[in-house]
Each structure stands twice: as structure tokens, then as C-alpha cells.
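Novice: what follows is a predicted protein model with its sequence.
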Amino acid sequence: MQSFSLGAGLAALAFWGFIAAVVVAGIWYDIRKKESQQETIRRIVESGQPIDEAVMNRLLSAGRDGNERLDRVFALTAWILLPAAVGLAVLGLILGMQVVDAKMPLLGVAALVACLGLGFLGASRFARRWYVSDNDPGSI
């Protein structure tokens, strides 16, 4: 059985603490952004100015990319994950020359990342159908 030192425990704690801090910071940022949008709308309403529908839509969609297409986001994610999978496989092969027990787990992780990348690529192709115009002859 392996015994871990205090340094290994602190390193693991620091890693998970960092992950928790990133998650909490992301949630806090979204909450503050929504609060500022609501404050802007509240001030406009309190001022008694007439509210144009286009301005209201722009205020409510501020911070969101209204032109963001899911098919492009999925494709970009796939093209990030697939080279990462190749890199992990190469790392597994090279590290496997020095530490034989490290080869198969890293190849397994590379296969998992590759499957995720292929899944996102498939989701991109599926989501692309949503953006095809109804007037196109090849639309679904």
C-alpha cells in the first residue's frame, strides 16, 4: 500500500480548491452581470422615459452573444479536443517507455477525450440542421 506525504495531500487540496474557486467565480460573475442589467432597466423605468422595444431587447440580451451558433461552438470544441487526444496518446506512448504502468491509463484517457471530440463533432453536424433556411432545397 502506498503512503502519501503531506505535500501530496496539500497539492491535491490546492488543485480542488482552485477548481472550486473557478466555479464560484464564474457563478458570481454571472450573478453580478444579471444584477447590473436589472439595475439599468430599473433606472430607465424609474426615470419615466419611454422604453423602445429594440432597446429593451438589447439590454436583456447584453452579455449574451445573440449571434452565437451552437453548431460552430460544438465544432470548435471538437477541434480543440481531437488534437488534445492525439497529444495525450503521444504522451502515453513516450511516458510508457519510462514507466510501463502509465502507458495504458494515458491511452485510455486519450481515447476518452477523442470520443468526446467525435461526439462534439457529431453534435455540430446535427445542430447545423437548425440553422438551415426553410427555403433551401437541402433543408430538413
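Specialist: Perfect, I can see it now.

Novice: output the lowest mean pLDDT helix or strand found in the chain.
Specialist: The element with the least model confidence among the helices and strands of the chain, by mean pLDDT, DSSP states H and E, is helix 53-60, at a mean of 76.

Novice: what's that helix packed up against?
Specialist: Applying 3 or more C-beta pairs under 8 Å, 6 or more residues apart in numbering; DSSP states H and E, we find helix 53-60 packed against helix 6-47. Where you see a C-beta, it was placed from the backbone N, CA and C, and this is true even at glycine.

Novice: counting contacts, what elements does the helix it packs on pack onto?
Specialist: In terms of contact count using 3+ C-beta pairs under 8 Å, 6+ apart, helix 6-47 is assigned the packing partners helix 53-60.

Novice: most distant residue from the centre of this protein?
Specialist: G48 (40.3 Å; C-alpha atoms, centre = their mean).

Novice: spit out the contact partners of the residue most central in space within the chain.
Specialist: Centroid check for the chain by C-alpha atoms, centre = their mean gives T77 as the closest residue, at 7.8 Å. Applying C-beta atoms under 8 Å, 6 or more residues apart in numbering to T77 gives the contacts 117, 120.

Novice: ok, so what distance separates it from V113?
Specialist: Going from T77 to V113 by C-beta to C-beta, to the nearest Å gives 11 Å.

Novice: same check, this time on A11
Specialist: Using C-beta to C-beta, one obtains 23 Å as the distance from A11 to V113.

Novice: do A21 as well
Specialist: 24 Å.

Novice: tell me which of these two has more neighbours.
Specialist: V113 (20 against 10; other C-beta atoms under 10 Å).

Novice: re earlier: tell me the first helix or strand C-terminal of the least confident helix or strand of the chain.
Specialist: helix 70-98 (DSSP states H and E).

Novice: now that following helix: buried residues?
Specialist: Of the residues in helix 70-98, those buried under the neighbour-count criterion (16 or more other C-beta atoms under 10 Å) are 71, 74-75, 77-78, 81-82, 85, 88-89, 91-92, 96.
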